[in-house]
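J.: next comes the sequence, and after it the predicted model I'd like to discuss.
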Amino acid sequence: MDVFSSGSFKHEAPEPLEGPVVATITGGTILWFVLFLVQLPFYGWFADHDRTWWLWTCLAGGVLGIYGTWYVRKRDAAIKKAAAESAAE
């Protein structure tokens, strides 16, 4: 049996899930920044145990979350604009 065959196991792709995307991304971004700020007073302990990457991972998550929030807001605006234009036609 060919496990990696694409012949007989074709299924239709499910519909994408839509939800409060902007709120989800914003909440995650806030969580990353909170985790960074909570760990910041313990920088000495993290440095002693070679775990400073924990702080920088949280900071990177927050910064990337800001970009993600901007991106999904632009995406939602484009979807709403396209829906309005198609409804006007």
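T.: Looks like it arrived, so ask away. Residues are numbered from 1 along each chain as shown.
J.: what residues does stretch 52-69 touch?
T.: 22, 25-26, 28-30, 32-33, 35-36, 39-40, 43, 46 (CB atoms under 8 Å, 6 or more residues apart in numbering). (Each C-beta comes from the backbone N, C-alpha and C, glycine too.)
J.: kindly recompute the last result at 6 Å.
T.: Stretch 52-69 is contacted from outside by I25, T26, G28, T29, W32, F33, L35, F36, Q39, F46, using CB atoms under 6 Å, 6 or more residues apart in numbering.
J.: give me phi/psi at G19?
T.: For G19, the backbone dihedrals (degrees, to the nearest 10) come out as phi -160, psi -160.
J.: quick one: contacts for the residue nearest the centre of the chain?
T.: Geometric centre of the chain, nearest residue: I25, 5.5 Å, by CA atoms, centre = their mean. Residues near I25 by CB under 6 Å, 6+ apart: G68, T69, V72.
J.: re the thing from before, can you list the contacts of stretch 52-69 in CSV and add distance to L59 and pLDDT?
T.: As requested, the contacts of stretch 52-69 are arranged in CSV below (distance: CB to CB, whole Å; pLDDT from 0 to 100):
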residue, distance to L59, pLDDT
I25, 17, 95
T26, 17, 96
G28, 14, 97
T29, 11, 98
W32, 8, 98
F33, 8, 98
L35, 9, 98
F36, 5, 98
Q39, 10, 97
F46, 13, 96
